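Colleague: Have a look; sequence and predicted model below, questions after that.
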Amino acid sequence: MTETGAGGRTSLHGQWSGRLAFILAVTGSAVGLGNIWRFPYIAGENGGGAFVIVYLVCIVIVGLPIMMAEVLIGRRGRRNPVATMRLLGDEEAGAGNWKVVGALGVGTGFLILSFYSVIAGWALAYVFESASNAFAGATRETVEQTFNALASNPLRTGLWHTIFLAATAFVIARGVERGIERAVRLMMPALVLLLLVLLGYSAVEGNFAQGLRFMFEPRFDELTRDGLMEALGHAFFTLSVGMGAVMAYGAYLPRDTSIMKMSVAVVAADTAIALIAALVVFPIVFANGLDPDQGPGLVFVSLPLAFGQMPGGTVIATLLFLLLTFAAWTSAISLMEPATAWIIEKFRLGRAPAAIIMAGITWLISLLTVLSFSTLSGVTFLRGTFFDNIDFLSNSILLPAGGLAIVIFAGWIMARESTSGELDPDAGTAYRIWRFTARYLTPLAIVAVLLRGVGVI
Ligand code: PHE
């Protein structure tokens with residue numbers, strides 16, 4: 001296994017111990033709140049059906065090719081996303097300005113982490129709620145009360161969110177390769193296993209038929225323009241692409257790894273977990289007369305209702321929220337890594353000071369989200385609360401914009417030999433399909449959705 005990138009470049013931040021370690025790290029980044037918290041609630045808000053179908057199409061023709069593009073760019077550049085885009089921009093086109101794409105990603109990462117850490121804080125709080133038996137035999141009113149009491153209390157939410165952010169900065173300070181591998185290797189199988197247990201519960205006790213119909217019956221007339229943009233944006237969000245997280249991880253990837261196979265595996269796992277989560281949530285929602293359209297509280301209300309009724313519910317609930325917090329943790333780490341690598345290389349800081357600075361900045365922006373569910377919940381503009389606006393800006397606009405730039409760079413700016421050199425030196429069928437998709441289908445799909453979103457088509 002050689003450690004060098006194109007032109008003998010090596011990463012300044014170390015390297016994954018091997019292929020499996022990288023797959024685990026990218027899976028850890030991809031699988032998180034996006035799958036279990038966000039997918040069910042935005043599918044619910046957008047009427048399911050058509051939304052889910054558009055999301056799946058976006059995963060295949062937009063998310064997957066962009067993931068491959070990001071990894072190949074990262075591995076070729078071997079630096080932080082800003083420096084990598086400048087370097088490759090120079091090499092491929094004599095235009096270092098491509099670094100703007102990396103910088104945009106660093107900024108997007110801060111924005112996403114600012115709300116991500118707040119929701120992860122809720123999940124952490126729910127570990128303790130569950131363990132204290134708060135959901136045993138709970139009714140719809142009590143679970144709703146439990147959630148509102150947490151979300152509407154800025155001090156409680158703020159406390160948990162601070163703990164979560166500190167834990168993220170701690171790992172960043174120590175370096176990503178240590179720890180993440182082991183955490184993901186144990187945690188992911190456990191998370192999937194618990195979700196399958198819950199799926200069994202939903203199938204038996206929930207309104208499974210209605211849940212299935214809600215998710216897969218194509219009702220395209222119900223899909224709004226915003227819904228379309230959210231489906232595209234969520235494909236980016238859930239796969240961690242469009243902001244350089246996967247690019248930053250690609251910089252630490254040994255050369256002998258097949259980027260294509262690895263990306264397919266990660267995307268398949270991520271999508272399966274999201275679909276299972278939604279198939280757990282909606283049957284419970286319908287069986288208990290909950291509103292699928294209730295927003296960010298959806299999993300925090302629906303799952304506890306199920307835990308309250310099932311045997312061993314307290315233990316299962318505690319474990320599930322613990323695993324969810326871990327999954328969010330490995331994602332949050334990847335949200336911070338591009339900025340960390342950039343600050344370290346640019347300002348020659350150590351990892352620890354870099355981590356502290358970034359956590360501080362993120363914490364300040366996070367206050368807007370914390371307060372969106374409490375003191376400032378009445379302050380709405382454009383899309384709604386501050387949280388709604390930060391979420392829409394980062395996921396539905398900045399990630400697709402960043403992804404579009406990345407895929408255009410990989411498909412049109414980089415020489416064919418450069419991309420095939422990373423993806424498949426023999427330029428076989430799979431490579432040719434990727435290149436065609438990256439050059440035509442992916443950019444067209446993104447542009448079409450964005451134009452439709454602003455009402456041009
Ligand atoms: N993919 C993560 C999730 O689904 C969130 C994330 C987005 C992580 C962007 C990194 C970059 O929870």
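Modeller: In hand now; what should we look at?

Colleague: Can you name the residues of the chain that neighbour the ligand?
Modeller: Residues of the chain that fall close to the ligand, judged by Cβ under 6 Å from any ligand atom: 29-30, 32-35, 112, 237-238, 240, 243, 245, 331, 334-335. C-beta here means a position set from N, CA and C on the backbone, and glycine is covered the same way.

Colleague: By neighbours, which of the residues you listed wins?
Modeller: Per-residue neighbour counts (other Cβ atoms under 10 Å) across the residues of the chain next to the ligand peak at Met243, which has 33 neighbours.

Colleague: Can I take it that it is in a helix?
Modeller: No - going by DSSP: H, G, I helix; E, B strand; the rest coil, the assignment for Met243 is coil, not a helix.

Colleague: Look up how far Leu113 lies from it.
Modeller: Met243 is 10 Å from Leu113, where distance means Cβ to Cβ, to the nearest Å.

Colleague: rewinding a little: let me know the closest of the residues of the chain next to the ligand to Lys99.
Modeller: Met243 (14.3 Å; Cβ to Cβ).

Colleague: surely the closest one meets Gly109?
Modeller: Yes - Met243 is in contact with Gly109 according to Cβ atoms under 8 Å; the separation is 5.3 Å.

Colleague: tell me the phi and psi of the residue of the stretch 101-250 of the chain found nearest the ligand?
Modeller: Nearest residue of the stretch 101-250 of the chain to the ligand: Ser240, at 3.5 Å (Cβ to the nearest ligand atom). With angles defined as degrees, to the nearest 10, Ser240 sits at phi 60, psi 30.

Colleague: Setting aside sequence neighbours, what's the nearest residue to it?
Modeller: Ser29 (4.4 Å; Cβ to Cβ, 6 or more residues apart in numbering).

Colleague: which ones are touching that neighbour?
Modeller: If you count contacts by Cβ atoms under 8 Å, 6 or more residues apart in numbering, Ser29 has them with 240, 245-246, 249, 330-331, 333-334.

Colleague: which SSE is it in?
Modeller: helix 19-30 (DSSP states H and E).

Colleague: Quick one: list the elements packing against whichever helix or strand comes after that helix.
Modeller: Next along the chain after helix 19-30, taking DSSP H and E as the criterion, comes helix 33. Using 3 or more Cβ pairs under 8 Å, 6 or more residues apart in numbering; DSSP states H and E as the contact test, the elements touching helix 33 are helix 99-131, helix 313-347.

Colleague: now Ala120: how far from Ala235?
Modeller: 21 Å.

Colleague: So for the two, which residue has more residues nearby?
Modeller: Ala235 (33 against 29).

Colleague: How confident was the prediction at the more buried one?
Modeller: pLDDT, Ala235: 98.

Colleague: what sits against it?
Modeller: 55, 58-59, 62-63.

Colleague: Now it. Nearest residue, chain neighbours left out?
Modeller: Cys58 (3.7 Å).

Colleague: and stretch 177-193, which residues are buried?
Modeller: 177, 180-181, 183-184, 187-188, 191-192 (16 or more other Cβ atoms under 10 Å).

Colleague: What average pLDDT does it get?
Modeller: Mean predicted confidence for stretch 177-193 is 82.

Colleague: what's around Thr257, how many residues?
Modeller: 19.

Colleague: Could you measure from it over to Phe326?
Modeller: Taken as Cβ to Cβ, the span from Thr257 to Phe326 is 25 Å.

Colleague: With Leu368 instead?
Modeller: Applying Cβ to Cβ to Leu368 and Phe326 gives a distance of 26 Å.

Colleague: got a markdown table for the contacts of Ser29, with pLDDT too?
Modeller: Below are these laid out as a markdown table (pLDDT from 0 to 100):
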| residue | pLDDT |
| --- | --- |
| Ser240 | 98 |
| Ala245 | 96 |
| Val246 | 96 |
| Tyr249 | 92 |
| Thr330 | 94 |
| Ser331 | 96 |
| Ile333 | 94 |
| Ser334 | 94 |
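
Colleague: quick one: which of these is nearest Tyr440?
Modeller: Once Cβ to Cβ is applied, the member of the contacts of Ser29 that ends up nearest Tyr440 is Val246, at 21.9 Å.

Colleague: what sits against that closest one?
Modeller: 26, 29, 67, 70-71, 74, 239-240, 334.

Colleague: So which of the residues you listed is the closest to Asp424?
Modeller: So of those, ranked by how close each gets to Asp424 (Cβ to Cβ), first place is Val71, at 12.9 Å.

Colleague: give me every residue that touches the residue nearest the centre of the chain.
Modeller: Nearest to the mean C-alpha position of the chain, counting by Cα atoms, centre = their mean, stands Thr238 at 3.7 Å. Each residue near Thr238 by Cβ under 8 Å, 6+ apart is listed here: 30, 34-35, 38-39, 59, 63, 270-271, 274.

Colleague: What of Gly49?
Modeller: 214-220, 222-223.

Colleague: Same question for Ile390.
Modeller: 111, 114-115, 365, 368-369.

Colleague: Columns pLDDT on top of those, output as TSV?
Modeller: Formatted as TSV, the contacts of Ile390 follow (pLDDT from 0 to 100):
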residue	pLDDT
Leu111	97
Ser114	98
Phe115	98
Ile365	98
Leu368	98
Thr369	98
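
Colleague: could I get the residues you listed as CSV with neighbour count?
Modeller: Putting the contacts of Ile390 into CSV (neighbours: other Cβ atoms under 10 Å) gives the following:
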residue, neighbour count
Leu111, 20
Ser114, 26
Phe115, 25
Ile365, 16
Leu368, 18
Thr369, 25
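
Colleague: Relative to Met310, which of those residues is nearest.
Modeller: Out of these, the member with the shortest distance to Met310 (by Cβ to Cβ) is Phe115, at 30.6 Å.

Colleague: so where does the nearest residue to the closest one once chain neighbours are set aside fall, helix or strand?
Modeller: Nearest non-adjacent residue to Phe115, counting by Cβ to Cβ, 6+ apart: Thr369, 4.3 Å away. Using DSSP H and E, the element containing Thr369 is helix 351-372.
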